[in-house]
Structures are given as structure tokens and as C-alpha cells.
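Q: here are the coordinates; sequence isn't available:
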Ligand SMILES: Cc1cc2nc3c(=O)[nH]c(=O)nc-3n(C[C@H](O)[C@H](O)[C@H](O)COP(=O)(O)OP(=O)(O)OC[C@H]3O[C@@H](n4cnc5c(N)ncnc54)[C@H](O)[C@@H]3O)c2cc1C
């Protein structure tokens, strides 16, 4: 099902990283962790992959007024078109989909691993006001090339000061299986949720499995296309 909506705002949220805020259609239901497809009416720069892309929703389902997505500005025709569409322009969004959602009740500590804009579904999780989410410790391992290219870093640092069960481990080096092998030992009882480009997800899962984390405790979302 497709919904017609409008762009409310554009914002550069980190170096080379763009956030688009859309008006949330009244009947657009989603759970934190799901994604949508955004379709522009026409491309102003040619794109062999066409006029739509999938994006995880970065805003909270509790925000009924708007939907936010975040992406690296790669220079692709689709993204150039979307970035340059003025506020008020119409786009279409597809009904939300995906199973990268949290269970009703968390039974264990959680480790979230985000590579770059893989932070999007975690922002949607973390911005919910439900207190239950904080019943167990949550650690966010957030990898970027530099602090300047890490979207929402300020908000996440603030959250780690305010929520005693939330800790942020921001890292600025290429992920290796060795890094996650060590982290697996530190958080061996946790459920691991890993999001980012396919190569980063594969490296992380490889390291966790070498570190003894069973595949049943690793949940992934690969941003295919990067
Ligand atoms: C479930 C799911 C959720 C996703 N969620 C997100 C999300 O929240 N955020 C997000 O950013 N992505 C997300 N993706 C991936 C997204 O759908 C795109 O595939 C991705 O953003 C790359 O799109 P693109 O338009 O940049 O590159 P594409 O056009 O698909 O090309 C791939 C790469 O080629 C290069 N390239 C392409 N065209 C040009 C050009 N004209 N000039 C220079 N270089 C070029 C770029 O490096 C680009 O990254 C998700 C994917 C899935 C499956």
C-alpha cells in the first residue's frame, strides 16, 4: 500500500549524511525497527536503479506527526533528487515492513551494533518513551570513520548520561572480526542486534561467532545496496 506525503524538513545530521523528515500519513502504522520505501515522482538526475529506495525509519512510532529517514549522500541520482526537493514537495512511502523489531519484553541485556547510518532503526528503538526498554542494560557499539560523520552522536551521548542502563561505545576504526571476538567475551549473555552495510554486518557476525555467540543470539539487518 502506498501513501502520499510531503517533505517537512531536510537536515545535514553529520558529514555527508542527510536526514529527511516527512509528514506521517495518519494511517501509516509501523513498529520501531521497520523500514519503508520512498519513491520520488520523477528523477532530476538519472539513476539506473530507479526512483525509489528502502530506508529504515529513524523516528519513533510514538511521533505521530512525522517520519524520519537518514542516509549517506552517495551522489546517486535518487538521493540527489530527494535532497534537492524543496520542503512541501510530495513523495510516496510504502507501507512499513520488516521484522527487525524488539520483542514486547526484553529478557536479556542487549548489544546494538550500528555501522554508520545503520543507527537508524536503533534511534527509533531508543527514542520510544516506553520505560520497559531500560529493564536490562543496553550497549550501543557505534562505528563511523570519524565523530564528524557519526549521525545523532550528540543525542546518543546525552542519552548515555541520562539513562544509567545505556552505554555508548563509539569507535572510529574499521571493524574486524578480532574486535568483535573480544567484545563477544565481554557481553556473552547479551542478544546482539547488528545493522549496517552488508560487509560490516558479515564482519561483525563472523567475529561474534568466533567469540562463541550462537547464531540464535545474533539478529541482523543488512542495508543491501551499499
Ligand atoms: C531493509 C533495508 C533498510 C535500509 N535502510 C537504509 C537506511 O536507513 N539508510 C540508508 O542510507 N540506506 C538504507 N538501505 C540501503 C538503501 O536502500 C540504498 O541501497 C543505499 O542507501 C544506497 O543507495 P544509493 O542511492 O546511495 O546508491 P546506489 O545507486 O544504490 O549505488 C550504490 C553505490 O554506488 C555509488 N554511486 C551510485 N551512483 C553514483 C553517482 N551518480 N555518483 C557517485 N557514486 C554513485 C555510491 O557509492 C552508492 O552507495 C536499506 C536497505 C535495506 C534492504
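A: Received, thanks. A quick note: this is a predicted structure, and the numbers were derived from the prediction, not measured.

Q: for this structure, where's the lowest mean pLDDT among helices and strands?
A: helix 177-186 (a mean of 94; mean pLDDT, DSSP states H and E).

Q: partners of the next helix or strand along the chain from that helix, with directions?
A: Once helix 177-186 ends, the next helix or strand along the chain (criterion: DSSP states H and E) is strand 191-196. Its sheet considered, strand 191-196 pairs with strand 110-115 (parallel), strand 218-222 (parallel) by DSSP bridges.

Q: Any idea which of those gets closest to residue 204?
A: strand 110-115 (5.5 Å; Cβ to Cβ). In short, each C-beta sits where N, CA and C put it, glycine included.

Q: quick one: contacts for the residue of the chain found nearest the ligand?
A: Of all residues in the chain, residue 225 sits closest to the ligand, at 1.9 Å by Cβ to the nearest ligand atom. Counting by Cβ atoms under 8 Å, 6 or more residues apart in numbering, residue 225 touches 49, 53-54.

Q: What pLDDT does the model give it?
A: pLDDT recorded at residue 225 is 88.

Q: and what of residue 75?
A: Residue-level pLDDT assigned to residue 75 equals 97.

Q: Which helix in the chain has the most residues?
A: helix 198-210 (DSSP state H).

Q: hmm, it touching the ligand?
A: No - against the ligand, helix 198-210 shows no contacts by Cβ under 6 Å from any ligand atom, the least distance being 9.1 Å.

Q: From residue 5, how far out is residue 127?
A: Here the distance between residue 127 and residue 5 works out to 20 Å (Cβ to Cβ, to the nearest Å).

Q: Can you give me every residue that contacts the residue nearest to residue 205 when sequence neighbours are not counted?
A: Leaving aside its chain neighbours, residue 205 sits nearest to residue 218 (5.8 Å; criterion: Cβ to Cβ, 6 or more residues apart in numbering). By Cβ under 8 Å, 6+ apart, residue 218 lies in contact with 191-192, 194, 205, 208-209.

Q: one more time with 6 Å
A: Residues in contact with residue 218 (Cβ atoms under 6 Å, 6 or more residues apart in numbering) are 192, 205, 208.

Q: just the helices in this structure please.
A: Using DSSP H, the helices found in the chain span residues 77-83, 120-126, 153-162, 177-186, 198-210.
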